[in-house]
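Engineer: please work out how this folds:
(4 chains)
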Number of protein chains: 2
Amino acid sequence: MKNRSDRISILDIATQAGVSPATVSRVFNAPQLVNERTRQQILAVALEHGYRPNASARTLRTQRSHVIGVVLPTLTNPVFAECLQGIAQATAAHGYAIMPATTEYKIANEIEAVAQLQAFGVDGVLLVVSDAQTSQAVANLRAQETPYVLVYNRHPAHPCVSVEGERAVHDLVQNLVQLGHTRFAMVCGQLQASDRAQQRYAGFVAGMKKAGIQPAALIEVPFVETAIDNISSVLNTDSRPTALICSNDLLAVRAMRAAYQCRLRVPQDISVTGFDGIGLGQDLTPALSTIAQPNAEMGHEGVQLLVRSIEEGRVPVADDSITLDYEFHRGESCAQAPIHYCANS
Amino acid sequence: MKNRSDRISILDIATQAGVSPATVSRVFNAPQLVNERTRQQILAVALEHGYRPNASARTLRTQRSHVIGVVLPTLTNPVFAECLQGIAQATAAHGYAIMPATTEYKIANEIEAVAQLQAFGVDGVLLVVSDAQTSQAVANLRAQETPYVLVYNRHPAHPCVSVEGERAVHDLVQNLVQLGHTRFAMVCGQLQASDRAQQRYAGFVAGMKKAGIQPAALIEVPFVETAIDNISSVLNTDSRPTALICSNDLLAVRAMRAAYQCRLRVPQDISVTGFDGIGLGQDLTPALSTIAQPNAEMGHEGVQLLVRSIEEGRVPVADDSITLDYEFHRGESCAQAPIHYCANS
DNA sequence: GTGAAAGCGCTAACAC
DNA sequence: GTGTTAGCGCTTTCAC
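Structural biologist: Predicted coordinates for the structure are as follows:
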């Protein structure tokens, strides 16, 4: 009986085609070295059996797996899902496979994921880490000289594909000030769990300072489950903000929900902005105002950079970093500050 | 100079620990066979070098990769992203890695993905295909006796983890009829590209029949880009429906947008329901009414079923199929039919 | 243009 | 309880 484990091998193809395994191998790896007629002959036999060279054997022999590892926080947030989608498409176009792992924002998982990927012999890894500066996982990659590129993270000492989050939020604040807003609050997840959120917050602070506005509330939302309550409690105060700048789109959606529950209209009573540019944001009502990153493209570029350096036999370095443009989507969730607040200021 | 390609091997560990490679191997694969003291000794050396057995070599030797392939349409739709998240967590818990590929709903990509995964020697594959009945990719898996489980697809001849989509929509129609609705329309993507959508539509038709209601409009949306326009054109007619049953949540969000653009209030003027239960749906305003599938759990169960049968050395069969419960989330996007329409009926 | 043979790193008989 | 050895399927010199 045919057993699943005795798959057809290069030797079978060689035998049936009346050539040596070396020739069959050449057909797949250096076809120009093989006589046209024998090549066709071999290809015919291979096709008939649906033969493809065993990747583990090839990897073992060549020390090249044609697999890219990917480490990211979660696929529950569409930003990362969209990015992974971009990664998947780009790698497929280059003939690579991907091996992703999610960390749930846990440092220990980042480290474990990288170790596992290294055991699988991935040619390189793309990561979104909690904090590029202090990441042990990244340090390990570097120590082993495994090529890697950070995505979303932005740090001068590492090869990164990122967006200027700090500047983006800084400019956003100016933008809202133009619209008459003077009372702001920023909504973040746990700041220490994300260098991106920290950078966005830094932009917020800088923007406020630039505009000469009082330092404003930071609403740190420890768990997504309670986000709406956390935000509502701020919106229920007398001195509530007229603009809520959220460090990501998922929070912005919840902020709009919180506003609704507090009987505030978006954007008439309160403006809400997000960050990320998840696809769904544009289809919401009101359409989400957000600093849109080109998520799929970030994945694309990361793959591009990583694959190129892998194929050139070098490791990507900080100088290879790519900064992509973000785009402020005006949306419908932000507008002029409400009149009576303007009067107050 | 240290080269990235000469990673530490089992032989290095063996030499340094003063044992044979076989003993080192045993420490990782059958620790109980090794003397406690030598085991500790070897573990210490391994830890010091951060050694992990090379997965390609292990795979080549044992014919077991500990990798699960995943084939799905896209990660741009949160349903699949949430499911993959569940898959990633479950596989990690079992010590497996995943290798996903996206098909963009193209049959050719399904076939190619499966072939690539087979070349990588995955131990099994989880797939969401366009049409289980006619899938060549699935047929190939079966021909090679590669263990596989379908997720979301529901078909009597295959091992599936799914939800009774047909019944769900059938019941939903009754539900809406109870609320006074008599004019319905169903919104789908391209029906021939998804057996799930077909099943949901069948449930719609059956539900209408059961309620003794006129066969209603089917709004087939060929491209997501134009979804809102397609839907709007139906909403702008005199005989517009009072309830829009959408075959997935992404379409439902766009349907709500279309309603808004047509100056119809959801749910006062028109009720909208989705299907899938994407996480974001509950945070929207109005909260999305939907038939919620347990997306992460579907991934979990698929992994469970697949891994169990892999470890028992058999292939999952149709009889192993699992039907999970869906849950109707009432949400805020559906309500009583508007009065003047009731009067009409 | 093609073949013979060595060896990538590991595991699993089998021997002791 | 541990070591010796063959071989998984492939690529790649080197020889012809």
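Engineer: what residues are up against the closest residue to residue A:326 other than its chain neighbours?
Structural biologist: The spatial neighbour of residue A:326 that comes closest, neighbours along the chain excluded (CB to CB, 6 or more residues apart in numbering or on different chains), is residue A:163 at 4.6 Å. Any C-beta I mention is one placed from the backbone N, CA and C, and that applies to glycine too. Residues in contact with residue A:163, defined by CB atoms under 8 Å, 6 or more residues apart in numbering or on different chains, are A:152, A:154, A:293, A:298, A:323-326.
Engineer: for chain A, name the helix or strand with the lowest mean pLDDT.
Structural biologist: Least confident helix or strand, chain A: helix A:339-344 with a mean of 52, by mean pLDDT, DSSP states H and E.
Engineer: that older thread, show me what the residue nearest to residue A:326 is bridged to.
Structural biologist: residue A:324 (DSSP bridges).
Engineer: for residue B:154, see how far away it is.
Structural biologist: Using CB to CB, to the nearest Å, residue A:163 is found at 41 Å from residue B:154.
Engineer: what of residue A:6?
Structural biologist: Taking CB to CB, one finds residue A:6 at 33 Å from residue B:154.
Engineer: what about the two, which has more around it?
Structural biologist: Set residue A:6 next to residue B:154 and count neighbours by other CB atoms under 10 Å in any protein chain shown: residue B:154 wins out with 20 against 9.
Engineer: which residue, other than its chain neighbours, is closest to the more buried one?
Structural biologist: Once flanking residues are discounted, residue B:154 sits nearest to residue B:162: 3.8 Å by CB to CB, 6+ apart.
Engineer: give me the local confidence score for the one you found.
Structural biologist: Note on residue B:162: pLDDT of 98.
Engineer: give me the number of residues near it?
Structural biologist: Based on other CB under 10 Å, the number of other residues close to residue B:162 is 24.
Engineer: what does residue A:215 give?
Structural biologist: 10.
Engineer: tell me the secondary structure at the nearest residue to it once chain neighbours are set aside.
Structural biologist: The shortest distance from residue A:215 to any residue other than its chain neighbours is 6.3 Å, reached at residue A:208 (CB to CB, 6+ apart). Here residue A:208 is recorded as helix under DSSP: H, G, I helix; E, B strand; the rest coil.
Engineer: correct me if wrong: residue A:208 contacts residue A:216.
Structural biologist: Yes: between residue A:208 and residue A:216 there is a contact under CB atoms under 8 Å: 6.2 Å.
Engineer: what do the two both touch?
Structural biologist: Shared contacts of residue A:208 and residue A:216, counting by CB under 8 Å, 6+ apart, come down to residue A:184.
Engineer: and chain A, what are its domain boundaries?
Structural biologist: Using the TED database, the domain parsing of chain A gives A:10-53, A:67-162+A:295-314, A:165-292+A:329-341.
Engineer: put together CSV for the ones you listed, with distance to DNA strand D on each row.
Structural biologist: As requested, the domains of chain A are exported to CSV (distance: least, CB to the nearest atom of the strand, whole Å):
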stretch, distance to DNA strand D
domain A:10-53, 3
domain A:67-162+A:295-314, 13
domain A:165-292+A:329-341, 39
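Engineer: what residues does the stretch 101-250 of chain A have near chain B?
Structural biologist: A:101-102, A:115-121, A:140, A:144-146, A:228, A:250 (CB under 8 Å from any CB of the partner chain).
Engineer: now, the most widely separated pair of the residues you listed?
Structural biologist: The distance between the two most remote of these (CB to CB) is 46.1 Å, for A:145 and A:228.
Engineer: neighbour count winner among those two?
Structural biologist: The neighbour comparison of residue A:145 against residue A:228 (other CB under 10 Å) goes to residue A:228, with 21 against 14.
Engineer: now residue A:264, what are its backbone angles?
Structural biologist: Torsion angles at residue A:264 (phi, psi; degrees, to the nearest 10) stand at phi -110, psi 140.
Engineer: what count of nearby residues applies to it?
Structural biologist: Per other CB under 10 Å, the neighbour tally for residue A:264 reads 21.
Engineer: do the same with residue A:155
Structural biologist: Residue A:155: 19 neighbours (other CB under 10 Å).
Engineer: for residue A:266, see how far away it is.
Structural biologist: Look at residue A:155 and residue A:266: by CB to CB, they are 35 Å apart.
Engineer: could you do residue A:11 as well?
Structural biologist: 67 Å.
Engineer: which secondary structure element is home to residue A:175?
Structural biologist: helix A:165-178 (DSSP states H and E).
Engineer: give the other helices and strands that the helix or strand that comes right after that helix contacts.
Structural biologist: Sequence-wise, the next helix or strand downstream of helix A:165-178 (DSSP H and E) is strand A:184-188. Counting contacts by 3 or more CB pairs under 8 Å, 6 or more residues apart in numbering or on different chains; DSSP states H and E, strand A:184-188 packs against helix A:195-210, strand A:217-220, helix A:227-235, strand A:243-246, helix A:249-261.
Engineer: residue A:11 touches residue A:21, doesn't it?
Structural biologist: Yes: with contact defined as CB under 8 Å, residue A:11 counts as touching residue A:21 (5.5 Å).
Engineer: the two: which has the busier surroundings?
Structural biologist: Legend: neighbour count by other CB under 10 Å for residue A:11 and residue A:21, higher for residue A:21 (14 against 11).
Engineer: quick check, the more buried one in contact with residue A:14.
Structural biologist: Yes: using CB under 8 Å, residue A:21 makes contact with residue A:14 at a distance of 4.4 Å.
Engineer: circling back: can you pull the contacts of the residue nearest to residue B:154?
Structural biologist: Counting by CB under 8 Å, 6+ apart, residue B:162 makes contact with B:150-154, B:298, B:321-324.
Engineer: neighbour-wise, give me the winner out of these.
Structural biologist: residue B:151 (29 neighbours).
Engineer: pretty sure that one contacts residue B:300?
Structural biologist: No: here residue B:151 does not reach residue B:300: they are 10.2 Å apart, not a contact under CB under 8 Å.
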